[in-house]
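**Q** Sequence plus the predicted model coming up.
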Amino acid sequence: METIRRLVAELERLCTAMGVNYAVFFSERPHSITGGATFTTEEIAILFETFSRKLPLEQVKFLRAVMDTIIRDRTSWN
């Protein structure tokens, strides 16, 4: 894990020097994005920010509409 941390630090240095927006997610416990991934709130926020910066505005609006629908649905669970 220490090697991964060093490599991520180097990637951060390079991306910052080149002005590249990036997000790196790693975990000491196995998980899968296609399966039952567990992300922290900060990781999800970085994903959304990355998507928002790179996708066309219409796709960002679509993602927001999906999230708004989920939020409305979840509030009805209580």
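**A** Arrived safely, thanks for sending. Just so we're clear, the structure is a prediction, and the values are computed from it rather than from any experiment.
**Q** Residue 18 versus the spatially most central residue of the chain, what's the distance?
**A** Ranked by distance to the mean C-alpha position of the chain (C-alpha atoms, centre = their mean), the top residue is residue 47 at 2.1 Å. With the distance defined as C-beta to C-beta, to the nearest Å, residue 47 ends up 21 Å from residue 18. Every residue, glycine included, has its C-beta placed from N, CA and C.
**Q** Same check on residue 70?
**A** Taking C-beta to C-beta, one finds residue 70 at 35 Å from residue 18.
**Q** One more: residue 64?
**A** With C-beta to C-beta as the criterion, residue 64 and residue 18 are 29 Å apart.
**Q** The two - which one has more neighbours?
**A** Set residue 64 next to residue 18 and count neighbours by other C-beta atoms under 10 Å: residue 64 wins out with 12 against 8.
**Q** Please report how far that one lies from residue 50.
**A** Distance from residue 64 to residue 50, by C-beta to C-beta: 15 Å.
**Q** do residue 41 as well
**A** Residue 41 is 15 Å from residue 50, by C-beta to C-beta.
**Q** who's more crowded, these two?
**A** residue 50 (13 against 7).
**Q** you'd agree the more buried one is up against residue 23?
**A** Yes. Taking contacts as C-beta atoms under 8 Å, residue 50 lies within contact range of residue 23: 4.9 Å.
**Q** Which other helices and strands does the helix or strand of the chain with the lowest mean pLDDT contact?
**A** The helix or strand of the chain with the lowest confidence, counting by mean pLDDT, DSSP states H and E, is helix 41-54 at a mean of 82. Counting contacts by 3 or more C-beta pairs under 8 Å, 6 or more residues apart in numbering; DSSP states H and E, helix 41-54 is packed against helix 57-75.
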